[in-house]
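[1] please work out how this folds:
(one chain, ligands or ions: 1)
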Amino acid sequence: MWTQCWIDYSNLPKNSQAYAGYFSALYVDGFKKDEVISTAYGELKKAAEGLYGCTPEVELEVPESGIAFIRSEDESLGKEGYRIHVKDNVAFIEAATSAAVIYATFRLLALIRTSALTPDTDITEVPDNPIRMLDHWDNMDGSIERGYSGNSFFFEDNDLVINERTTDYARLIASVGINAVAINNVNVKDAATDLVNDRFIAKVSRLTEIFACYGIKMFLSLNYAMPIEYEPASADPLDPAVREWWKHKMDEIYRAVPGLGGFLVKADSEGRPGPFTYGRNQADGANMLAEAIKPHGGIIIWRCFVYNCQQDWRDLKTDRARAGYDYFSSLDGEFADNVILQIKNGPMDFQPREPVSPLFGGLRKTNQILEVQIAQEYTGHQIDLCYLIPWFKQILAFETYMNNDPESDTTVAGIIGGRARKGSTGGMVAVTNTGNDENWTGNDLAAANLYGFGRLAWDTSLAAEDIAREWTSLTYAGDAEKQTADGERAGDLILRLLMGSWPTYEKYTAPLGIGWMVKVHDHYGPSVEGYEYDRWGTYIRADWEGLGVERGPEGTGFALQYNGPNKEMFSDIEKTPDELILFFHKTKYTHVLHSGKTVIQHIYDTHFEGYDEVLKMQKDWQKLKGLIDERSFANVSERFERQAANAREWCDIVNSYFHRRCGIDDEKGRTIY
Ligand code: GCW
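    Numbering: from 1, shown residues only. Okay, here's the model as predicted:
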C-alpha cells in the first residue's frame, strides 16, 4: 500500500469538532451532475468518513449546516477560480466550472484541517498560471529517468498500468491545483512511440478520463521522428508528405482520445532527432505539429533545451549556456498560437544555483512555460533534504526588463502568467519527483516540493515559508502540535529544517554558481573535474589561479543575452552577485567577494559549515522520535544518515581539491583531508 501524503484524513486536526457540522450535508446548485462534481463530492465523503466517521447527505435545499457548491456567473473567476465563504453554518464554494469546484473543495478541506476556516472566511482565488503541469520522465519498461522514488506507476513491462494508485495520484496533484500532466519521458524511445498507435491508444484514452475527473488534462511526449518509420520516410517539417502524415495521425489520435491536452516535444537535443536534421529551424518543427493538432484544440509544448552536448574542451567560444537563446530568440513571434515554448529555469540544467535563462525577457512575442525540476537530479536525489520552493520564488521574482512599459509585469512570474503581454499564455511545469515508492517521493520530506510546486504555480505570491508551514500541518496534522523535549513545536522544527535545507545543500556542494562538480551522468556525490574530462563536455575551468567560465563580453558573451541592467550587472565581475560569480566569470581564488571573503576562503567556510549544518539537521530530526508517525520518522532518519555521509564527502573532496590546486591555506587552520 502507499501513503496519502497531505490528504490523509485519518489524523484529526486541532479544534476539529468545531468543523464537524460542515460534513453533515452537501447542496449543489446550478451544476450538472458530471463526473467532476461527483469527484468533488467523493472527496468530501472521504474526508467526512476519515475525520468524523459520517457521510454528508446530498440535500435539495441549502442546509442548516453543511457545504454548498454554487454555480457562479462572476466572470472574474475565470475557468478555474473560486470563492469560498462562510455564512451561518454553511461553507459556500462558488465557481463557474466543475473543475474549479475540485480545486475549491481541496482548498476548503485544507482550511478546515489547518483550523484556518473561520466564520469570517471569504476568499477568492484565481490561479496565476493558466498551465500548472507535472512532467514525468517515466519509461515504458517501468524505469524513470532521474527518478529517485522507485519505479513508474504508469508503466511496467512495456505496458500501461491503470489501478487505484492512478486515481490516488490524480487526487494528490489536483489537491494542489495541478491541471496538466505529461506521463512519459521526453526521450521517447522504443515502445513509448506506440502510445499514439493502436497498441496502446485505448488505455491512453482511459487514463485521460481518469485525470479528467479531477479537471486535469493529460499530455504525451511525442517522438518527433515518428514519420520516418512510415510512408513519408522523413521527418522534414516542410515536406508536404510529412505534414499530411501528421494531420492524419492527429485526426486518428483525437478520434480515440478526444480529451488529450496535446504533446510535449524534445527535439534536436541530447541525441534526439529534430528539424535541424533537415536544415530547418525549431519553429518549422513546432508549427508543423501545431497545425496538425489545431482542429482538435490541442497544444504543442516545445522544449528549448537544445544545445551541443559534445563541446571540445579547447573550444572557448562555444557555450552551452548560450544555446537556448541562440537557437530561439531570432524566432520570436514565429511560433503558432497553440505552441508554448518550455524553458528550463536556467540556461544550463537544473543546477542548485544558476542565473535565470535569458530567454525570459528575450522572447517578447512567444508563449512561455517555466520548467523547473522537483526530481532532485542535481540537488541530492531525494536522499538529501532540499526544499526548493525558496529557489523557485527567486526565479519567479527575477525582473527581466523585457520592455519599458511600467504597466506590464515583466518578472518571470508575469511573463509565464500572461501578464507581460496581452493575449499570451503560459505557466509552470515541474519535472516530477514521484514514483511507486510507498511514500511517493522517496524522502517523506521531498513531498513538500511536490506540494509546494503546485501551490506556488497556483499562487506565485505565496511565501515559501507559508507553503512549507501549510504542508507540515496537513501532513503531520495533530502531531505537528506536539512539543519536543526542548519545548519546540514539532511542526516548527520540521519547518525550520525545510527552510534551511537549500542554502545548506548549496554550501556543501558547488559554490558560487559554478555547478557541475557532480559525478558524471549519475549526478549524486562530488566529482570536481568529472565533467571536465568527459565527452559530455561541460566545463568549470579550474586551474592554479582561479576557476569559473568567463561569460562576460570578453569571454563567451553569454552575459550580453540579458536586457539592460541585467546585462550590465552580469558583464561586470564587480557587479555580479556573489552567488553567481563563478557562473559568469573566471575568478581568482584571491578575489574578494562582496561578503568580504576571498573566493577560496568562501569555499572552505561554506563546505565546513554545510557539513556541520547537515549534522545539526540530523540531530534535530531525532528530537521528533516518538512524536510523529514511526514510519515517517524512520524514513527521514535513514535519509539524513546518507545525507551526512554525502555532505562529508563533498566537504572533503571539494576543500582538498581546491587546497591542492591553489596552495592557499584555510585562514582558520582546519584540517583539510
Ligand atoms: O537534466 C538533463 C537530464 C536528462 C534529461 C534532460 C532533459 C530527460 O540529465 O536525463 O533527459 O536533462 O531535460 O531533457
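[2] C-alpha only now, for contacts and for neighbours.
    Fine.
[3] got the buried residues for the lengthiest helix in the chain?
    Across the chain, the longest stretch assigned as helix under DSSP state H is helix 630-662. Neighbour-count burial for helix 630-662 flags 633, 636-637, 639-640, 643-644, 646-659, 662 (criterion: 16 or more other Cα atoms under 10 Å).
[4] name the helix or strand for the closest residue to the ligand within the stretch 551-673 of the chain, please.
    Relative to the ligand, the nearest point of the stretch 551-673 of the chain is Phe583 (17.7 Å; Cα to the nearest ligand atom). Counting by DSSP states H and E, the element that carries Phe583 is helix 581-584.
[5] for whichever helix or strand comes after that helix, what is the average pLDDT?
    The helix or strand immediately downstream of helix 581-584 is strand 587-588, counting by DSSP H and E. Strand 587-588 shows a mean pLDDT of 98.
[6] what packs against strand 587-588?
    Where contact means 3 or more Cα pairs under 8 Å, 6 or more residues apart in numbering; DSSP states H and E, strand 587-588 is packed against strand 546-547.
[7] which residues are contacting stretch 319-326?
    304-309, 347-348, 358-359, 362, 538, 556, 558, 561 (Cα atoms under 8 Å, 6 or more residues apart in numbering).
[8] again, only this time at 7 Å
    Cys304, Phe305, Val306, Tyr307, Asn308, Pro347, Met348, Pro358, Leu359, Thr556, Phe558 (Cα atoms under 7 Å, 6 or more residues apart in numbering).
[9] and those, which is closest to the ligand?
    After measuring these against the ligand - Cα to the nearest ligand atom - the closest member comes out as Phe305, at 6.6 Å.
[10] how many other residues sit next to that closest one?
    When neighbours are counted by other Cα atoms under 10 Å, Phe305 registers 20.
[11] same check, this time on Asp315
    With other Cα under 10 Å as criterion, Asp315 counts 8.
[12] for the nearest residue to Gln376 once chain neighbours are set aside, give me its contacts.
    Leaving out its chain neighbours, the residue that sits closest to Gln376 by Cα to Cα, 6 or more residues apart in numbering is Gln382, at 5.8 Å. Taking Cα under 7 Å, 6+ apart, we find Gln382 in contact with Tyr148, Gln376, Gly442, Asn443, Ala446.
[13] Gln382 and Val429, how far apart?
    19 Å (Cα to Cα, to the nearest Å).
[14] and Asp239, by the same measure?
    32 Å.
[15] which one's more surrounded, the two?
    More crowded of Asp239 and Val429, by other Cα under 10 Å: Val429, with 27 against 13.
[16] not counting sequence-adjacent ones, nearest residue to Ile664?
    Ile600 (7.7 Å).
[17] distance of Leu363 from the ligand?
    Distance check for Leu363 against the ligand: by Cα to the nearest ligand atom, to the nearest Å, it reads 20 Å.
[18] for that residue, grab phi and psi.
    phi -90, psi 120 (degrees, to the nearest 10).
[19] who's it bridged to?
    Phe360 (DSSP bridges).
[20] quick check: it touching Asp332?
    Yes. Taking contacts as Cα atoms under 7 Å, Leu363 lies within contact range of Asp332: 5.6 Å.
[21] which one of those two has more residues nearby?
    Leu363 (20 against 15).
[22] output the set of residues of the protein in proximity to the ligand.
    Counting by Cα under 6 Å from any ligand atom, the residues of the chain close to the ligand are Glu145, Arg146, Val186, Asn187, Asp349.
[23] most neighbours of all those residues, which one?
    Within the residues of the chain next to the ligand, neighbour counts (other Cα under 10 Å) peak at Val186, which reaches 25 neighbours.
[24] ok, that residue to Gly271 distance?
    12 Å.
[25] same check on Val356?
    With Cα to Cα as the criterion, Val356 and Gly271 are 25 Å apart.
[26] so which of those two has more stuff around it?
    Applying other Cα under 10 Å to Val356 and Gly271 shows that Val356 carries more neighbours, namely 21 against 10.
[27] who are the contact partners of the nearest residue to the more buried one once chain neighbours are set aside?
    Distance criterion Cα to Cα, 6+ apart; nearest residue to Val356, sequence neighbours excluded, is Gly346 at 4.7 Å. By Cα under 7 Å, 6+ apart, the contact set of Gly346 is Glu354, Pro355, Val356, Ser357.
[28] among these, which are in strands?
    Per DSSP state E, strands hold no members of these.
[29] ok so Ile67 is a strand residue?
    Yes. Read with DSSP: H, G, I helix; E, B strand; the rest coil, Ile67 is one of the residues of a strand.
[30] hmm, it is touching Val90, no?
    Yes. Here Ile67 reaches Val90: they are 5.4 Å apart, a contact under Cα under 7 Å.
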